[in-house]
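Colleague: this is a predicted model, with the sequence first.
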Amino acid sequence: MSSRFRGRRGVAGLSLIEIMIALAIGSLLILGLVQVFAASRTAYQLSEGMSRSQENARFAMEYLQRDIRMAGHYGCVNDQSHLQTPGALNATYFGGATGATIGRDFPVGIRGYDATGTAPGATLNLAAPAAGWTPALPAAIAALAPIAGSDVLELRFLASQGTPVTNITNPTATTTIISVGTDPLRWAPLTSEGVASPTMFGIADCSYVDVFPASGVNAAAGTVNVNGLINRYTPQPSGQTMLYRAESLVYFLRRKPAPSNQVALYRARSNNAGTYPAANVEEMVEGIENMQFLFGLDREPSLATKPPTGFIDVHRPASHGLFTGADAVVNWRRTGLVQVGLLAASPNPAAAGQPLADNRRRALGVIYEPPTTGDTNYRASYQSTVALRNRLYGN
């Protein structure tokens, strides 16, 4: 037989059974790879969601803690000291805490607004929270468009750093405009934290403090003009007299502009008219979905005539009658600590195909329902207790 025929007889093919076995093995391998990839993707999404929410909550809590601790800071005349020394704090330049002037109510260093339906023990539906706050938001704060279901917090204080006052002069004998002079080389503390052009200031020594809007500021010369006579520091200030930037802040949550539409933590800074212009509103941290506050009151109810005990025996939301009745201002001055509760959510889904187990979180007694049943964003709640160090007994 020729070699040509022997070669053809030696060629062997695959049978149908062999092809089916090969396909089955290949399918199993591909299925295994798909499962490994899906598990890795889910683990990555969960890890990414956890890390983003933790990072955002940590930054948000840091900002809140830092500014809450400063509430009531008036130089070396702290908030409790001036309450025990009537007249030590002079904020008569600003008028009452109503309407548009709410941002200038410096005699009240802290004030909260409790969102409707968020008392401890309540269940909050994040998809459809009830509208409103108690007490009602002033017009200037309502104009900031905070989201429903989340508390709002006001804080007022003098910035942590100031510059020494070198002189106080009256430019002319026929006006009441005075000039507060400082060293121009030490002007930088007044423009810290991105506040390039401050308009509200405080002048303080260890006996008195005056908070006022500036009628003119000259950073190059280191001077601030005031429409009104600060005669408690004349003819010349002591070496302890300092000039500070006055801060009036509001912390709130609202949605970011489209297309994001995510909820974020914002901070607004009041101008000398007591309003919060858009240029003074800054986004602090994204992904903060809800914010709650409880306020701890000193046991002593008559701080105008008696010193604080330093013992905090009640913790109440801003909607409690203590903060909404006739003695509301007194009780806000009794506030010695703030409990902060945050709900942080990952910006993207953190699980594939099914909601995370136990996606209902709690903060300061409020139970959160996810926005939708199929929502898979990772959520975590965080709580902290912050003492108002300018209101601590003996400080």
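Modeller: Structure received.

Colleague: all helices of the stretch 1-150 of the chain, in order?
Modeller: 3-10, 16-70, 79-84, 139-142 (DSSP state H, counting those that start in this stretch).

Colleague: most tightly surrounded among these?
Modeller: helix 79-84 (a mean of 21; mean count of other CB atoms under 10 Å). Where C-beta positions appear, they are placed from N, C-alpha and C, glycine not excepted.

Colleague: averaged pLDDT, that one. What do you get?
Modeller: What helix 79-84 shows for mean pLDDT is 60.

Colleague: and the strands in the stretch 151-300 of the chain?
Modeller: 152-169, 177-182, 200-204, 209-213, 216-218, 223-227, 242-255, 263-269, 281-286, 288-298 (DSSP state E, counting those that start in this stretch).

Colleague: and the next element down the chain from the last one?
Modeller: For strand 288-298, the succeeding helix or strand toward the C-terminus, using DSSP states H and E, is strand 312-316.

Colleague: and that next one, C-alpha only, in PDB?
Modeller: This file holds the C-alpha atoms of strand 312-316, laid out as PDB (Å, rounded to 0.1, in the frame of the first residue of the first chain):
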ATOM      1  CA  ILE A 312     -24.600  68.400  82.700                       C
ATOM      2  CA  ASP A 313     -27.700  66.500  83.700                       C
ATOM      3  CA  VAL A 314     -30.100  66.800  80.800                       C
ATOM      4  CA  HIS A 315     -29.700  66.200  77.000                       C
ATOM      5  CA  ARG A 316     -32.400  67.500  74.800                       C
END
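
Colleague: what does that strand contact?
Modeller: 294-299, 322-323, 336-337, 339 (CB atoms under 8 Å, 6 or more residues apart in numbering).

Colleague: okay if I get these as TSV plus distance to P308 and neighbour count?
Modeller: Putting the contacts of strand 312-316 into TSV (distance: CB to CB, whole Å; neighbours: other CB atoms under 10 Å) gives the following:
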residue	distance to P308	neighbour count
L294	19	24
F295	15	27
G296	12	20
L297	10	24
D298	5	24
R299	8	13
L322	16	20
F323	17	24
G336	7	26
L337	12	19
Q339	19	18
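
Colleague: closest one to I17 out of the residues you listed, please.
Modeller: Nearest to I17, judged by CB to CB, of the contacts of strand 312-316 is Q339 at 71.6 Å.

Colleague: the closest one sits in which helix or strand?
Modeller: strand 335-349.

Colleague: what lines up beside that strand in the sheet?
Modeller: Strand 335-349 has the following strand partners under DSSP bridges: strand 288-298 (antiparallel), strand 377-387 (antiparallel).
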